[in-house]
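Colleague: Got a predicted model here, sequence first, then my questions.
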Amino acid sequence: MKIKSLGRTGIKVSEICLGTMTWGTQNTLDEACAQMDYAVENGVNFFDTAEMYPVTPIGPETYGRTEEYIGKWLKARGRRDDIVLASKVAGPGRPWVRNGEPLTPNAIRTALDQSLKRLNTDYVDLYQVHWPNRNHFHFRNSWSYSPFGQDRHQVRIDIAETLDTLDDLVKAGKIRAIGLSNETAWGTMKYLARAEAKDRVRVSTIQNEYNLLYRHHDLDMAELAHHEDVGLLAFSPLATGLLTGKYRNGRRPEGSRITISPDLGGRMQEYQEPAVDAYCKLAEQHGLDAAQMALGFVLSRPFVTAAIIGATTMEQLATNIAAADIAMTDDILGDIARVHRAFPAPI
């Protein structure tokens, strides 16, 4: 298991990050604890959660339950100092979360205090803005995205107030580092510019979707990562399971996410089918498990700090963690590049 630096903070994290968004719906407390135990035993020291989790499905009844599960594990195992713990504050739009209102300094402070209570800890190592107040192109919005209706003055106020509040919380000892999620290159640079100009805490990471089917981060965000040391925490590295091949030929495995979210968050549509088929056949040609090849590719990218894996079974978890040992040769990467050229934007 490789260990990476979290931006310029000096915090060291495993390149495999344990994702948790199924805990509380698809996974019980006992199953979540078993996953955390296994992950730590196999070199993972990085857990990612959010106040919104679980999200399979998402709803007011389960809001905060995943953090509660992690808090119970931390209390029972007494391993808080061994874990780099990341959580997130939700943006606007969910009526059961602060009435769906935009993110404000007071909302951030309230959300963090509630998360700390659920997590049974005095601090989180990485606190992330789950999504911004303004519209953005993530969550399958790239085909209709337009920034031209955004209020330029209000957007700048939002960024300034958010960063200043997070800086105060770092100084108070409640947060060690900050990150963004579902953000753009422009938005990230505005945070970085204010941090430099006003001596505020610096953004260390950005958690955006990245996988063989969705590679926006290869472009402007890769340049930003290189020059600014803002590493990618790649969520959905298996494209919600598509890249395992388990949904090929119309299959719908019992208990899988497709039985809860039939369109897999907009990913399950005709354009992905030939791309997934090509990647799965490529894995077979190289004698690789399809999921491990997909994860190995993500881990091979120089801008990636960690790939956030998720699992509902221990078998899936073991397969995903073992991807850290996969050697991505030039031949494999060259073949992946050829498939990507044929299917550059299938989701």
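Modeller: Cool, the structure landed. Numbers count the residues shown, from 1 in each chain.

Colleague: residue nearest the centroid of the chain?
Modeller: What sits nearest the mean C-alpha location of the chain, by C-alpha atoms, centre = their mean, is residue 235, with 3.4 Å.

Colleague: Got phi/psi on that residue?
Modeller: Dihedral angles phi and psi of residue 235 (degrees, to the nearest 10) take the values phi -90, psi 160.

Colleague: Name the nearest residue to it, sequence neighbours excluded.
Modeller: Once its chain neighbours are removed from consideration, residue 235 has its nearest residue in residue 308; the separation is 4.8 Å (C-beta to C-beta, 6 or more residues apart in numbering). C-beta here means a position set from N, CA and C on the backbone, and glycine is covered the same way.

Colleague: got a list of what that neighbour touches?
Modeller: The neighbourhood of residue 308, defined by C-beta atoms under 8 Å, 6 or more residues apart in numbering, consists of 17, 18, 19, 48, 207, 233, 234, 235, 236, 237.

Colleague: how near is the last one to residue 284?
Modeller: In this structure, residue 237 lies at 19 Å from residue 284, with C-beta to C-beta, to the nearest Å as the measure.

Colleague: that older thread, if I've got this straight, the residue nearest to residue 235 is in a strand?
Modeller: Yes - assessed by DSSP: H, G, I helix; E, B strand; the rest coil, residue 308 belongs to a strand.

Colleague: how far away is it from residue 332?
Modeller: Taking C-beta to C-beta as the measure, residue 308 and residue 332 are separated by 22 Å.

Colleague: what helices or strands is the longest helix seen in the chain leaning on?
Modeller: Of all segments of type helix in the chain, defined using DSSP state H, the longest is helix 152-171. Applying 3 or more C-beta pairs under 8 Å, 6 or more residues apart in numbering; DSSP states H and E, one finds that helix 152-171 contacts helix 105-119, strand 124-129, strand 175-181, helix 185-198.

Colleague: so what strands line up beside the third one?
Modeller: Based on DSSP bridges, the pairing partners of strand 175-181 within the sheet are strand 124-129 (parallel), strand 203-209 (parallel).

Colleague: ok, what's across the strand from the residue nearest to the centre of the chain?
Modeller: Listed by DSSP bridges, the beta-bridge partners for residue 235 are residue 209.

Colleague: Ends of stretch 293-306, what's the gap?
Modeller: Stretch 293-306 stretches 15 Å from its first residue to its last (C-alpha to C-alpha, to the nearest Å).

Colleague: Could you tell me the average pLDDT over that stretch, please?
Modeller: The average pLDDT for stretch 293-306 rounds to 98.

Colleague: One more: stretch 249-257?
Modeller: Here the mean pLDDT over stretch 249-257 is 86, rounded to a whole number.

Colleague: distance between the ends of that stretch?
Modeller: Across its full length, stretch 249-257 reaches 16 Å between end residues, using C-alpha to C-alpha.

Colleague: Enumerate every residue touching the residue in the chain sticking out farthest from the centre.
Modeller: Within the chain, residue 285 marks the point farthest from the mean C-alpha position, 29.5 Å out by C-alpha atoms, centre = their mean. With contacts taken as C-beta under 8 Å, 6+ apart, residue 285 has the following neighbours: residue 335.

Colleague: same deal with the one 4 residues further on?
Modeller: When contacts are counted by C-beta under 8 Å, 6+ apart, residue 289 is found next to 283, 319.

Colleague: Model confidence for it, exactly?
Modeller: Residue 289 is assigned a pLDDT of 98 by the prediction.

Colleague: Would you list the phi and psi of it?
Modeller: Per-residue torsions, residue 289: phi -70, psi 140 (degrees, to the nearest 10).

Colleague: repeat for residue 345
Modeller: Recorded main-chain torsions at residue 345 are phi -150, psi 60, according to degrees, to the nearest 10.

Colleague: same check, this time on residue 46
Modeller: Here residue 46 shows phi and psi, under degrees, to the nearest 10, equal to phi -120, psi 120.

Colleague: one step back: export the strands paired with strand 175-181 to a markdown table and tack on mean pLDDT and distance to residue 137?
Modeller: Putting the strands paired with strand 175-181 into a markdown table (pLDDT from 0 to 100; distance: least, C-beta to C-beta, whole Å) gives the following:
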| stretch | mean pLDDT | distance to residue 137 |
| --- | --- | --- |
| strand 124-129 | 98 | 16 |
| strand 203-209 | 98 | 10 |
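
Colleague: what's around residue 300, how many residues?
Modeller: Residue crowding around residue 300 was assessed by other C-beta atoms under 10 Å; the count is 15.

Colleague: ok, now residue 222?
Modeller: Using other C-beta under 10 Å, residue 222 has 18 other residues around it.

Colleague: And for residue 251?
Modeller: Residue 251 has 10 neighbouring residues, counting by other C-beta under 10 Å.

Colleague: That one and residue 277: what is the separation?
Modeller: The value you get for residue 251 to residue 277, if C-beta to C-beta is used, is 13 Å.

Colleague: wait, what's in contact with the closest residue to residue 161 other than its chain neighbours?
Modeller: By the measure of C-beta to C-beta, 6+ apart, the closest residue to residue 161 outside its immediate chain neighbours is residue 105, 5.4 Å from it. For residue 105, the contacting residues are 161, 162, 164, 165, by C-beta under 8 Å, 6+ apart.
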